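A.B. asks: build me a structure from this.
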Amino acid sequence: MPFSPLLRRSVSLRLILLSAAWIISALVVGGVFLTQHFRTHVENSFDYGLSRHVEELLSYADLVDGRVQLTKQPVDPVYSRPLSGWYWEITADGQVVDRSRSLWDEVLPPAQQQPRRGETLSYFQDGPRGDLLRVVAATYTLPGYDGDVTIRFTGPAEVIQSATEEFSETLVMSLMLLGLGLIGAVVLQVILGLRPLKLLRTRLAEVHEGRTHRLSGHYPSEVEPLVADLNELLDHNAQVIERARTHAGNLAHALKTPLAVLSNEADRMEGETAKTFGEQISIMNEQVKRHLARARAAGGLGAPGAKADIGDIVSGLKRTLHRIYQHKPQKSGDGTGVSIALVDVLDKFVAGDRQDVEEMLGNLMDNACKWAATRVRVSALRKGRDIVISVDDDGPGVPEERRAEVLARGKRLDEATPGSGLGLNIVHELAELYQGSLVLDRSDLGGLCVRLTLPAAL
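C.D. replies: Residues are numbered from 1 along each chain as shown. I've put the predicted structure just below:
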């Protein structure tokens, strides 16, 4: 069914459709019952009128010379109109004594049901020309007459059918208006009843987008406990993330001093032992930085509403790096340093912790400044649900065959250039943790273009 996925997802639609189905079913059943009840009432009223005529005609019946005769006939003009459907007939011992002028040259078909003496029957029967008639028949005895006297009065069944159809049309219109009103009331009730859940959804979206950190607003007593539990969960999650970051920072500081002491001792040593010692210390430093960065990024991924302003981050990094590289020696000897241009970076937000994004961009921009001849360009582009941040330089670049090697674990782009940082490999791993990517390409400036793709903040 095409609507089944939507029904599974929408509580409002399910409530409205189920209520509408129940209302329609109840109205249909009620309409059928009322129509049938009205038809029965019309038939009973019709039969009552014909029964009065039967009694009237019985009062005109008398014995004359031992034979049943009528002293007078009904005066209702409908029984004089030819083939009107309004007929009467009186029989004695199965022989027709008299009949209405409306029959003209026709006769009433034989009775489908013969009432017993003292019994009155009502039924439908075909008329002289095939038209359906409503018949009321009764059998009586007359004083001094041993035989049975049967009187039949008929009327056109079309009268009953027309009254029933007219009532049905009025009833259908009334029930349709009633049904539409009830369904409208159900829709209004569902909308008003589920409005607190819609408000809760809006507040959760604000938390997810980073505009607020807790759920706010007034909720009914049925929803308020859920809101309180969600706020407690958000507070607990924030505390867990903050503790994880604090522990990661404490661990970094705790390991930094021992590693620095070991590094100094290795510098004083000579020979192969000192070289091996230094290499292992470098590996330890690299591993500590790698795993601390991954742990910090993994913690940031669980923070609802976390987002980072690319324009603000790269603007701050530009000021810092400009002071560092403003007197970088150039091959031309002019000493103008490295210029950093920012292109379309404003109003670009990524879904992630600011510190993590700042660390990734800081590493990429620092590497670009190290290798650039004179120019570095940072640009940002919204592409679907992602933000693509490009860092270009006019340095020597990286050959295409070595780009995969640069991103491989344990390889660094700045092996021949002094400096510190996480390395492109760790930035690549952090980008993947954020469900993004890091790609190396050739820049139109002549050097390396590093494209960092991260999910955009909603």
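A.B. asks: what lies in contact with stretch 164-178?
C.D. replies: The contact list for stretch 164-178 (C-beta atoms under 8 Å, 6 or more residues apart in numbering) reads 27, 30-31, 34-35, 38-39, 42. Where you see a C-beta, it was placed from the backbone N, CA and C, and this is true even at glycine.
A.B. asks: would you map the strands across the chain?
C.D. replies: Along the chain, the stretches classed as strands by DSSP state E are 61-64, 67-70, 87-92, 95-99, 120-126, 132-140, 149-156, 308-309, 339-343, 349-350, 375-383, 386-393, 437-442, 448-455.
A.B. asks: I'd like the ones you listed as a markdown table, with distance to residue 424 and mean pLDDT appended.
C.D. replies: Formatted as a markdown table, those follow (distance: least, C-beta to C-beta, whole Å; pLDDT from 0 to 100):
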| stretch | distance to residue 424 | mean pLDDT |
| --- | --- | --- |
| strand 61-64 | 120 | 86 |
| strand 67-70 | 121 | 87 |
| strand 87-92 | 108 | 92 |
| strand 95-99 | 115 | 89 |
| strand 120-126 | 96 | 92 |
| strand 132-140 | 95 | 93 |
| strand 149-156 | 99 | 93 |
| strand 308-309 | 20 | 88 |
| strand 339-343 | 19 | 90 |
| strand 349-350 | 18 | 88 |
| strand 375-383 | 16 | 91 |
| strand 386-393 | 11 | 92 |
| strand 437-442 | 7 | 89 |
| strand 448-455 | 7 | 91 |
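A.B. asks: OK, contacts around residue 200?
C.D. replies: Residue 200 sits next to 215, 217, 219, 223, 226-227 when contact means C-beta under 8 Å, 6+ apart.
A.B. asks: which parts of stretch 216-226 are buried?
C.D. replies: Within stretch 216-226, the residues scored as buried using 16 or more other C-beta atoms under 10 Å are 219, 223.
A.B. asks: what do you get for stretch 51-64?
C.D. replies: Neighbour count says stretch 51-64 has 53-54, 56-57, 61 buried, by 16+ other C-beta under 10 Å.
A.B. asks: so which residues make contact with that stretch?
C.D. replies: Contacts for stretch 51-64 (C-beta under 8 Å, 6+ apart): 68-74, 76, 88, 90, 97, 120, 136, 138, 140, 142-145, 149, 151, 153.
A.B. asks: still on that earlier bit, of the contacts of residue 200, closest to residue 389?
C.D. replies: Nearest to residue 389 among the contacts of residue 200, counting by C-beta to C-beta, is residue 215 at 32.1 Å.
A.B. asks: need the contact list for the closest one.
C.D. replies: So residue 215 contacts 200, 203-204, 207, 227, 230-231, 234 (C-beta under 8 Å, 6+ apart).
A.B. asks: restricted to buried residues, select these in ChimeraX.
C.D. replies: To isolate the buried subset of those in ChimeraX, counting by 16+ other C-beta under 10 Å, use the following:
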select :200,203,204,207,227,230,231,234
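A.B. asks: tabulate the contacts of residue 215 in JSON lines, adding columns for pLDDT and distance to residue 10.
C.D. replies: Output for the contacts of residue 215, formatted as JSON lines (pLDDT from 0 to 100; distance: C-beta to C-beta, whole Å):
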{"residue": "200", "pLDDT": "83", "distance to residue 10": "16"}
{"residue": "203", "pLDDT": "81", "distance to residue 10": "20"}
{"residue": "204", "pLDDT": "81", "distance to residue 10": "17"}
{"residue": "207", "pLDDT": "75", "distance to residue 10": "23"}
{"residue": "227", "pLDDT": "83", "distance to residue 10": "22"}
{"residue": "230", "pLDDT": "85", "distance to residue 10": "21"}
{"residue": "231", "pLDDT": "83", "distance to residue 10": "26"}
{"residue": "234", "pLDDT": "80", "distance to residue 10": "26"}
